[in-house]
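# Provided below for reference: sequence and predicted model.
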Amino acid sequence: MKKVYLYTLLMLVANLIFAQKNYTTKSGQIKFFSNTSLEDVEATNNQVFCSLNPSSNKIQFAVLIKGFAFDNALMQKHFNEEEYMHSDKYPKASFSGTIKNIRSVNFKKDGIYKVTVVGNLILHGVKKSISTEGSISISKNKIILNSKFNISPADYKITVPEGISNTILITVDCKLE
C-alpha cells in the first residue's frame, strides 16, 4: 500500500513540475507602418489576442482587421473597403507557430531573451509561412513579447494604391499574464 501512495505522490509532483502555465492577453498591440511619398500609413490595434504555451513552444495571435485605428478617418474607411483589406470578407488575421529556441528562455528569471518564431500568418485569406526574430522579456513574473518584421501586401493579394510602399513594417507588443 505504501508503494501505491509513493507512486501517486511521485506522479503528482512530476505533474506539478512539468505543467507550465499558458500565458495570454486580449489586449496586446499590433501596429503597422509604411513610409510613402504621398503620406505615411500607420494604424494600431490594441485588441490583439495572444497565447503562449512554454511547454509546447506554441504561440498564437488573432486580430480583427476593423480594430485597426488610424488618425485619419478617411484612411481607415478606405483600408477596410473592398479595394484593399475586404474586412467584411476577411474579418481577422491570425498567426500560429512555434518559438524555435524556447528552451533558452528562463520564465522564472528576469531578463530579455532573443527568440526565433516560425509559423503561418493568415491575412486577407492567404496563408503564408514566415519566420522572424523577437524577444521575450521577463520582469516580475510578467511576460512581454516584442517583434518587428516586414510583410509585402502583394504576398497576401492585397492591392495597394500607386505611391504606397510595397513593404509594411509590423510591430508586435503583447504583455501576457
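Thanks, I have the structure now. Numbering: from 1, shown residues only.

# where are the low-confidence patches of this structure?
For the chain, the stretches with pLDDT under 70 are 1-20.

# one more time with 90, if that's ok
1-21, 35-41, 82-83, 140-141, 159-166, 177 (pLDDT under 90).

# most centrally placed residue in it?
Phe61 (4.3 Å; CA atoms, centre = their mean).

# neighbours around the closest residue to it other than its chain neighbours, how many?
Nearest residue to Phe61, sequence neighbours excluded (CB to CB, 6 or more residues apart in numbering): Phe95, at 4.3 Å. In short, each C-beta sits where N, CA and C put it, glycine included. By other CB atoms under 10 Å, the residues close to Phe95 number 20.

# again with Leu145
When counting by other CB under 10 Å, one arrives at 23 neighbours for Leu145.

# again, but for Asp71
Other residues near Asp71 come to 10 when the count uses other CB under 10 Å.

# thought the residue nearest to the centre of the chain was touching Val172?
Yes: judged on CB atoms under 8 Å, Phe61 makes contact with Val172 at a distance of 7.4 Å.

# Just the strands from this protein, written as ranges.
23-34, 41-53, 58-64, 92-99, 111-123, 126-139, 142-151, 168-176 (DSSP state E).

# got JSON lines for these, with distance to Phe70 too?
As requested, those are arranged in JSON lines below (distance: least, CB to CB, whole Å):
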{"stretch": "strand 23-34", "distance to Phe70": "10"}
{"stretch": "strand 41-53", "distance to Phe70": "5"}
{"stretch": "strand 58-64", "distance to Phe70": "15"}
{"stretch": "strand 92-99", "distance to Phe70": "16"}
{"stretch": "strand 111-123", "distance to Phe70": "18"}
{"stretch": "strand 126-139", "distance to Phe70": "23"}
{"stretch": "strand 142-151", "distance to Phe70": "18"}
{"stretch": "strand 168-176", "distance to Phe70": "14"}
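
# Select, out of those strands, the one closest to Phe79.
Closest approach to Phe79 among those is made by strand 41-53 (7.0 Å; CB to CB).

# and the residue nearest to the centre of the chain, what does it touch?
Counting by CB atoms under 8 Å, 6 or more residues apart in numbering, Phe61 makes contact with Gly28, Ile30, Val48, Phe49, Cys50, Ser94, Phe95, Val172, Cys174.

# cool, and Ser96?
Lys58, Ile59, Gln60, Gly119, Asn120.

# Please type out the PyMOL selection for whichever of the residues you listed turn out to be buried.
For the buried members of the contacts of Ser96, the matching PyMOL selection, counting by 16 or more other CB atoms under 10 Å, is:
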select buried, resi 58+59+119
